[in-house]
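[1] 3D, please:
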Amino acid sequence: MTARPNMSTAHWFKAKASETAQGCSEVAFLAGAVALRDSKRPELPAQVYPAEVWASWLTCLREGRYVGHRVELSFVGGGVTVRDSADPAGQIHAFTQHEFECFLNGVRGREFDLAC
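    Numbers count the residues shown, from 1 in each chain. Okay, the predicted model is just below:
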């Protein structure tokens, strides 16, 4: 199992559309990876993805493809859950439909693309 990166100094941010929202997905760029967490529950473990997995997922989302990726989305009860299929015992984060739409707006606006 790969060691989890140190996130004690991570800079977390959310989509501009979410800036006034109480809860949403937050992202932090790490060395060679990207972390995703729920701002409503920052004490829960973040999901950490290699940079290439993250970039691939963003491309899928922009193309409207929400299934068939390592980052698994489930649309349940008016909300969305996100889990890492490579870590079946890992943390699952739940977002409202509005929170997910704000995140998608950020994805479409390339707010979460890795800085080169």
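[2] For the protein, which residues score under the pLDDT cut-off?
    1-4, 20-22, 115-116 (pLDDT under 70).
[3] That one: helices as residue ranges?
    51-62, 97-108 (DSSP state H).
[4] For residue 23, which of those helices is the nearest?
    helix 97-108 (5.8 Å; Cβ to Cβ). Any C-beta I mention is one placed from the backbone N, CA and C, and that applies to glycine too.
[5] Can you point out the buried residues in that closest one?
    Under the neighbour-count criterion of 16 or more other Cβ atoms under 10 Å, helix 97-108 has 99, 100, 101, 102, 103, 104, 106, 107 buried.
[6] would you put the C-alpha positions of that helix in CSV?
    Extracted in CSV, the C-alpha atoms of helix 97-108 (Å, rounded to 0.1, in the frame of the first residue of the first chain):
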residue,chain,number,x,y,z
GLN,A,97,-26.8,17.8,-6.1
HIS,A,98,-26.2,21.5,-5.7
GLU,A,99,-22.7,20.9,-4.2
PHE,A,100,-21.9,18.6,-7.1
GLU,A,101,-23.1,21.0,-9.7
CYS,A,102,-20.9,23.8,-8.2
PHE,A,103,-18.0,21.4,-8.4
LEU,A,104,-18.8,20.5,-12.1
ASN,A,105,-19.0,24.2,-12.9
GLY,A,106,-15.4,24.5,-11.5
VAL,A,107,-14.4,21.5,-13.6
ARG,A,108,-15.8,23.0,-16.7
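[7] Now do that helix and helix 51-62, the angle between them.
    110 degrees (axes from the mean of the first three to the mean of the last three Cα atoms, to 10 degrees).
[8] which strands and helices sit next to helix 97-108?
    Counting by 3 or more Cβ pairs under 8 Å, 6 or more residues apart in numbering; DSSP states H and E, the packing neighbours recorded for helix 97-108 are strand 25-30, helix 51-62, strand 79-84.
[9] residue contacts, the closest residue in space to residue 39 that isn't next to it in sequence?
    Excluding its sequence neighbours, the residue lying closest to residue 39 (Cβ to Cβ, 6 or more residues apart in numbering) is residue 26, at 4.8 Å. Neighbouring residues of residue 26 by Cβ atoms under 8 Å, 6 or more residues apart in numbering: 12, 13, 14, 36, 37, 38, 39, 42.
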